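*Asks:* Sequence and predicted structure below; questions after.
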Amino acid sequence: MPETPVFSTAAVAAPHQLAAETGQAILAAGGNAVEAMVAMAATIAVVYPHMNGLGGDGFWLVREPKGRVHALDASGPAGSLATIKRYRDKGYDRVPPRGPDAALTVAGAVSGWGLALELAKALGGQLPRDMLLADAVRLAREGYGIAVAEGRNRMLEEAALFSAPGFAEAFLKDGKLPPAGEVRRSPRLADTLEQLAHAGLADCYRGDVGREIAADLERIGSPITRKDMEAYQARVVKPLSVTLEHSTVYNMPPPSQGIAVLLMLGLFSRLAVKHGETPEHHHGLIEAAKRASAIRDRVVTDPRELALDPASFLTPASFEKEAALIDARRAAPTPVRPAEGDTVWMGCIDKDGLAVSYIQSVYWSFGSGCVLPSTGIHWHNRGLGFSLDPNSRNPLEPGRKPFHTLSPGLAVFNDGRVLSYGTMGGEGQPQILGQIFTRYADFGMGLADAVDAPRWLLGKTWQAPSSTLKVEDRFDPSLLRVLSSYGHPVEELGRSYADAMGHAGMLVRHPRNGRVEAVHDPRADGGALGL
C-alpha cells in the first residue's frame, strides 16, 4: 500500500521529476504557487516534449486562500487561412493529424504563462522571469535525459509524424526515437526561452519570437498568419462549478470538456453508492460517464458559439433527471468518443494556501510534428477538434476555437480542505478524474492509494483500438465478472500500470495545520516534492 507524502507547508506534483524540482526550488526561493507553476510549465515544456511544449495550449484554475477561484483559458483559435474550403480543395475529408495542415491553431500556452504571472504579481509574487525560466533554459541548452514514458507511447500516424518539417532533426536519431536516458539538447529552444525571459512573454506573439514563429509557419504552409499571432491573448473566464454533499468542485468552461467532469460527479452523487471498489461504484461511474459524454458532445464548442448554457446542466434537477435514466444493473449502449491525447497535468499549493491546477498539452504525441527551425518550438495539432462538416457542432472556421479535452480539477471541501487534481488522458480525462476523485472524496482512500489503484477506460485509445471497457490487471476478478454480467465489454490489458489510463496527480491542503499531502502517478516519470 503506497504512502502519501506529507509536507509541512507547500508542495508540487508533476509527471516529470525535473519539473517537480523546479517547482520546489521556486517555492523555496519565496515564490508563490502561480510563479512555481509557470516555472514548472517552462521546464516540462522542454523535458517532456511528446506531451506538451511552447507550441501548445493550457488551462489554469487558481484558488486564492480567501476563496476566490480564477480560470484562465490559454487555448488558441484557428488561423485566418484555416477554412473548410482550403482543406477540401486539398482533398481532405477530415483535419489531418500531422504535418503543416495539422498546425492550424495558434498556440496559447505562453500567453497563459504571461496572464498567470499578472495574477501572481497581484497576489504578491515578486520573482523575475529569468529566475522562473532558468531551469528550462539550462536543460534545453545543456541537455536532459529522455524520459521513459516518451518511448512507451505508441505514435499515431508515425510515418507522417517522422516526416513532418523539422521533426527528424529535433527528435530522431538514425530515423528512430532515441532510447530513454539518452541526452537530448534543444539549443534553439534555449535561445527562445532566454529571449522570452529578457523581452517578456508577449514577445512570443507580438515581438521578435512571434515574427520568427509566423515566418516559419508560413514557410511550411500552415494556415496561421502573423496577424493571428499578434492578435492572440489568453483570457480570464468564469469557471464552472457544482456543489456536492461534501464539496464544491470546479472545472473549465467550453471550449474545454470540463462540464463532463462535473456532470459525471454530479450524476454519480445521485446514485447513493455506499461502498467503494464495488460493482455499484464502478458501474455507476461508467454509466455517469456515458451520459456526461453525450451532454458534452451536444454542448461544448467555441464559447462564442454556445447554443446551450453549460451551467444549466449542472443543477440538482438536471442531475436527478439524468441519474434516473441509469440502470443499476445494466450497461447502456451509449458509446464514448476515443480517448487519444497526450498532456501534462501539474498541481501546486503554497504556504499561504494559494492552490493551482494546471494542464498543458500539444494533444497527440509531439502534436503536429512540425518543429519551427528559428525557435525550436514544436506545434500542436489541437485543430483535430474541428470537423470539415459545416453543419457539425465544431466546424472549422478562421478564429474559432476547437473542442478541447483539457480539464484541470479543483475542489473545496466543507471542512476547509482544498484539493488540486488532474490527469492527462485525452477525452478520457473525465473518466479518470471520476475514479480518483470518488475514491478520495466519497470512499476515504488516501491520495496515494486513490492515484495508484487500478483504472478502467471506456472507448478506443492510442494503445488499444477496440471500443471496450479496458481495465488494468489489478482489479478484483469477481468485480470484473459482475461488470461483464451487467453488459460491460471488459477487456483486460494485461498491464498493472498503463499509460492509456492517464498520468494523474492530487494535492490536498488541510486547514487545521496547513500541511499539504501530494502525489503524482506511478504511471508517469515524476512525483511530488515540497517544503
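*Replies:* Great, that's in hand.
*Asks:* mind showing which ranges of the stretch 151-300 of the chain have poor pLDDT?
*Replies:* Residue ranges of the stretch 151-300 of the chain with pLDDT under 70: 153.
*Asks:* ranges for the helices of it?
*Replies:* Ranges of helices within the stretch 151-300 of the chain are 158-162, 167-171, 187-199, 203-206, 208-220, 226-231, 258-269, 279-299, based on DSSP state H, counting those that start in this stretch.
*Asks:* other SSEs contacting the longest one?
*Replies:* Spelled out, that is helix 279-299. helix 258-269, helix 316-323, helix 429-441, strand 456-458, helix 477-485 (3 or more Cβ pairs under 8 Å, 6 or more residues apart in numbering; DSSP states H and E). In short, each C-beta sits where N, CA and C put it, glycine included.
*Asks:* let's see it at 7 Å
*Replies:* Other helices and strands packing on helix 279-299, by 3 or more Cβ pairs under 7 Å, 6 or more residues apart in numbering; DSSP states H and E, are helix 258-269, helix 429-441, strand 456-458, helix 477-485.
*Asks:* buried stuff in the last one?
*Replies:* Within helix 477-485, the residues that count as buried by 16 or more other Cβ atoms under 10 Å are L479, L480, V482, L483.
*Asks:* Please pull out the lowest mean pLDDT helix or strand from this protein.
*Replies:* helix 148-152 (a mean of 85; mean pLDDT, DSSP states H and E).
*Asks:* E427 contacts H404, correct?
*Replies:* No - here E427 does not reach H404: they are 10.0 Å apart, not a contact under Cβ atoms under 7 Å.
*Asks:* Which neighbours do these two have in common?
*Replies:* Residues touching both E427 and H404 (Cβ atoms under 7 Å, 6 or more residues apart in numbering): Q257.
*Asks:* Which among the helices of the stretch 151-300 of the chain is found nearest to N251?
*Replies:* helix 258-269 (3.2 Å; Cβ to Cβ).
*Asks:* how about the strands of the stretch 251-400 of the chain, start to end?
*Replies:* Using DSSP state E, counting those that start in this stretch, the strands of the stretch 251-400 of the chain run over 342-349, 355-363.
*Asks:* quick one, which of these is packed in tightest?
*Replies:* The highest mean neighbour count among the strands of the stretch 251-400 of the chain, using mean count of other Cβ atoms under 10 Å, belongs to strand 342-349: a mean of 31.
*Asks:* helices or strands next to that one in the packing?
*Replies:* Here strand 342-349 touches strand 11-14, helix 33-47, strand 355-363, strand 418-423, strand 504-509, going by 3+ Cβ pairs under 7 Å, 6+ apart.
*Asks:* can you tell me which residues contact the residue nearest to G444 when sequence neighbours are not counted?
*Replies:* Closest residue to G444 in three dimensions, ignoring its sequence neighbours and counting by Cβ to Cβ, 6 or more residues apart in numbering: G276, at 7.7 Å. Shown in contact with G276 (Cβ under 7 Å, 6+ apart): R439, D442, F443, M445.
*Asks:* same thing but at 10 Å, please
*Replies:* Counting by Cβ atoms under 10 Å, 6 or more residues apart in numbering, G276 touches H282, Q435, T438, R439, Y440, D442, F443, G444, M445, A450, A453.
*Asks:* Please apply the same query to P5.
*Replies:* 11, 13, 447-448, 507, 516-520, 527-530.
*Asks:* now do L172
*Replies:* Shown in contact with L172 (Cβ under 10 Å, 6+ apart): L161, F162, P178.
*Asks:* Between these, which sits nearest G266?
*Replies:* Using Cβ to Cβ, L161 comes nearest to G266 of the contacts of L172, at 38.4 Å.
*Asks:* Do I have it right that that closest one meets V362?
*Replies:* No - using Cβ atoms under 10 Å, L161 is not in contact with V362; the gap is 11.6 Å.
*Asks:* Identify the contacts common to the two.
*Replies:* Common neighbours of L161 and V362 are listed as S368, G369, N381 (criterion: Cβ under 10 Å, 6+ apart).
*Asks:* By neighbour count, which of the contacts of L172 wins?
*Replies:* Ranked by neighbour count under the definition other Cβ atoms under 10 Å, the contacts of L172 are headed by L161 with 26 neighbours.
*Asks:* So for that residue, what's the nearest residue that isn't a sequence neighbour?
*Replies:* Distances taken as Cβ to Cβ, 6+ apart put G369 closest to L161, at 4.2 Å, once the chain neighbours are dropped.
*Asks:* possible to save the buried residues of helix 477-485 as TSV with distance to L193?
*Replies:* Formatted as TSV, these follow (distance: Cβ to Cβ, whole Å):
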residue	distance to L193
L479	48
L480	47
V482	52
L483	48
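*Asks:* Those: which two are farthest apart?
*Replies:* Pairwise distances among the buried residues of helix 477-485 were taken by Cβ to Cβ; the largest, 7.4 Å, belongs to L480 and V482.
*Asks:* Overlap in contacts, these two.
*Replies:* Listed as contacting both L480 and V482 by Cβ under 10 Å, 6+ apart are P279, H282, H488, V490.
*Asks:* Tell me the one among these nearest to G409.
*Replies:* Checking these against G409 with Cβ to Cβ, the nearest one is H282 at 19.4 Å.
*Asks:* how far away is the closest one from M346?
*Replies:* Between H282 and M346 the distance is 27 Å, computed by Cβ to Cβ, to the nearest Å.
*Asks:* same check, this time on R495
*Replies:* Counting by Cβ to Cβ, the separation of R495 from M346 is 24 Å.
*Asks:* do the same with G79
*Replies:* Separation of G79 from M346 (Cβ to Cβ) stands at 28 Å.
*Asks:* what's the answer for G284, then?
*Replies:* G284 is 29 Å from M346, by Cβ to Cβ.
*Asks:* In the protein, where is pLDDT below threshold?
*Replies:* By pLDDT under 70, the low-scoring segments of the chain are 153, 334-341, 460-466.
*Asks:* for the strands of the stretch 251-400 of the chain, which one sits closest to E230?
*Replies:* Of these, the one closest to E230 (Cβ to Cβ) turns out to be strand 355-363, at 22.0 Å.
*Asks:* Helix 33-47 and that closest one, what's the angle between them?
*Replies:* Angle of strand 355-363 versus helix 33-47, following axes from the mean of the first three to the mean of the last three Cα atoms, to 10 degrees, is 20 degrees.
*Asks:* Give the partner strands of the helix or strand following strand 355-363 in its sheet and their orientations.
*Replies:* Using DSSP states H and E, the helix or strand that directly follows strand 355-363 along the chain is strand 409-413. Its sheet considered, strand 409-413 pairs with strand 247-251 (antiparallel), strand 418-423 (antiparallel) by DSSP bridges.
*Asks:* Name the residues of the shortest one that are buried.
*Replies:* Which is strand 247-251. The neighbour-count check on strand 247-251 (16+ other Cβ under 10 Å) flags S247, V249, Y250, N251 as buried.
*Asks:* how far away is the last one from L410?
*Replies:* The reference is to N251. N251 is 8 Å from L410, where distance means Cβ to Cβ.
*Asks:* Show me whatever sits in contact with both of these two.
*Replies:* L61, A71, P239, S241, S357, G422.
*Asks:* Test my guess that the first one contacts A33.
*Replies:* I take that to be L61. No - in this structure, L61 is not within contact of A33 by Cβ under 10 Å, at 11.4 Å.
*Asks:* who has more neighbours, these two?
*Replies:* Each of L61 and A33 had its neighbours counted (other Cβ under 10 Å), and the higher figure belongs to A33 (31 against 25).
*Asks:* which residues touch the more buried one?
*Replies:* Counted by Cβ under 10 Å, 6+ apart, A33 has contacts 10-12, 23, 26-27, 62-63, 120, 123, 125, 347-356, 358, 420, 507.
*Asks:* Cool, thanks, signing off.
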